[in-house]
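**Student:** turn this into a model:
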Amino acid sequence: MDFNLLSMFGIAFLALIAGAINTIAGAGSNLVVPALILFGLPAEIANATNRVGIIAQSSSALAGFKHYGKFDTSDLGLILIPIILGGLAGASAIANINTQHVKYVILGAMILMACITYFKPQTVLPPEGTPIKKMRNTPLAWPVLFFVGFYGGLVQAGVGFLLIGAIAGNLRYDILKTNALKHLCMLGFTFMSLAVFIWYDLIDWLIGLVLSVGYIIGAQIGVKLAVKASPSNIKTFLFYMTIVACIAALIS
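**Tutor:** Here you go, the predicted model:
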């Protein structure tokens, strides 16, 4: 499919919006991937090419959170192990799994998280000053993070919400440190899935570059908004974005 300058600009602008949304909450890929398909990319190419932009976005967001002192590095190795293994398994399984069935399972999890975030926020978003739990002392965190990594390697869209629930809910990081770790985890499983997609020649590199420009700018905007916003505003934004993401996934 040949893309003209106007369509390239439109894709970059959508990626900018998606990058800001992903940095604060998640589900930005629900804007980008359908748009790429609408512009003429096959679904599997759109899904794979979007990962190029996600790597750029997560790197940009991570640098931004680190600049503001919100990146906790004390337990990174153990957090990344199940995420990376899950991402590799998910990307490898994409040709053999009915992603439509997976989507409905994830929709249920996202709706549940939205309700918990809004009505029982302390369950997923711990109050300031809550002690952080270590991976070695939290057995449930291992399978939960593996599952989230698996889904991220498989589909990607909406995985940010699940990462927030997995990290803050199990390990009790505050929302800003959770968002920083979320992007590190996304880098982990996205690198794994991208390697698989490159192997199967599913990447449109020109579109990936255009996406990356928009995602990087959007991520920096998102970091500034996240740092300035109050936890209650972020909680409300998470709730409504989760609902929007669920509706978008249902009609896609």
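
**Student:** quick check: which element contains the residue nearest to the spatial centre of the chain?
**Tutor:** Against the mean C-alpha coordinate of the chain, by Cα atoms, centre = their mean, the closest residue is Gly160 at 3.3 Å. Counting by DSSP states H and E, the element that carries Gly160 is helix 159-171.

**Student:** who are the packing partners of that helix?
**Tutor:** helix 99-119, helix 121-124, helix 141-154, helix 175-199, helix 231-251 (3 or more Cβ pairs under 8 Å, 6 or more residues apart in numbering; DSSP states H and E). The way it works is simple: take the backbone N, C-alpha and C, and place the C-beta from them, glycine included.

**Student:** how about 6 Å then?
**Tutor:** On a contact count with 3 or more Cβ pairs under 6 Å, 6 or more residues apart in numbering; DSSP states H and E, helix 159-171 meets helix 99-119, helix 121-124, helix 141-154, helix 175-199.

**Student:** okay, buried residues for that helix please.
**Tutor:** 159-171 (16 or more other Cβ atoms under 10 Å).

**Student:** rewinding a little: hang on, the residue nearest to the centre of the chain packs against Gly26?
**Tutor:** Yes: using Cβ atoms under 6 Å, Gly160 makes contact with Gly26 at a distance of 2.3 Å.

**Student:** low-confidence ranges in the stretch 51-200 of the chain?
**Tutor:** Within the stretch 51-200 of the chain, the stretches with pLDDT under 70 are 94-110, 112-114, 116-118, 120-125, 127-129, 156-157.

**Student:** repeat that for 90
**Tutor:** 70, 72-77, 84, 86-137, 147-166, 168-170, 172-179, 186, 188-197, 199-200 (pLDDT under 90).

**Student:** what about Ile111, how many residues nearby?
**Tutor:** 14 (other Cβ atoms under 10 Å).

**Student:** check Ile79 too.
**Tutor:** Neighbours of Ile79 using other Cβ under 10 Å come to 24.

**Student:** who's in contact with the helix or strand it falls within?
**Tutor:** Secondary structure from DSSP H and E places Ile79 in helix 76-93. Among residues not part of helix 76-93, those counted as contacts by Cβ atoms under 6 Å, 6 or more residues apart in numbering are 135, 142, 145-146, 149-150, 152-154, 185, 188-189, 192-193, 196.

**Student:** same deal with stretch 17-24?
**Tutor:** 28, 31-32, 57, 61, 160, 215, 218-219, 221-223, 226.

**Student:** average pLDDT for it?
**Tutor:** In this model, stretch 17-24 has a mean pLDDT of 89.

**Student:** please compute how far that stretch lies from its chain's middle.
**Tutor:** The chain centroid and the centroid of stretch 17-24 are separated by 9 Å under Cα atoms, centre = their mean, to the nearest Å.

**Student:** ok, stretch 41-55 next?
**Tutor:** Worked out by Cα atoms, centre = their mean, stretch 41-55 lies 14 Å from the chain centre.

**Student:** which residue packs closest to Phe13, ignoring adjacent ones?
**Tutor:** Gly214 (6.4 Å; Cβ to Cβ, 6 or more residues apart in numbering).

**Student:** any idea how far the one you found is from Ala27?
**Tutor:** Distance from Gly214 to Ala27, counting by Cβ to Cβ, to the nearest Å: 16 Å.
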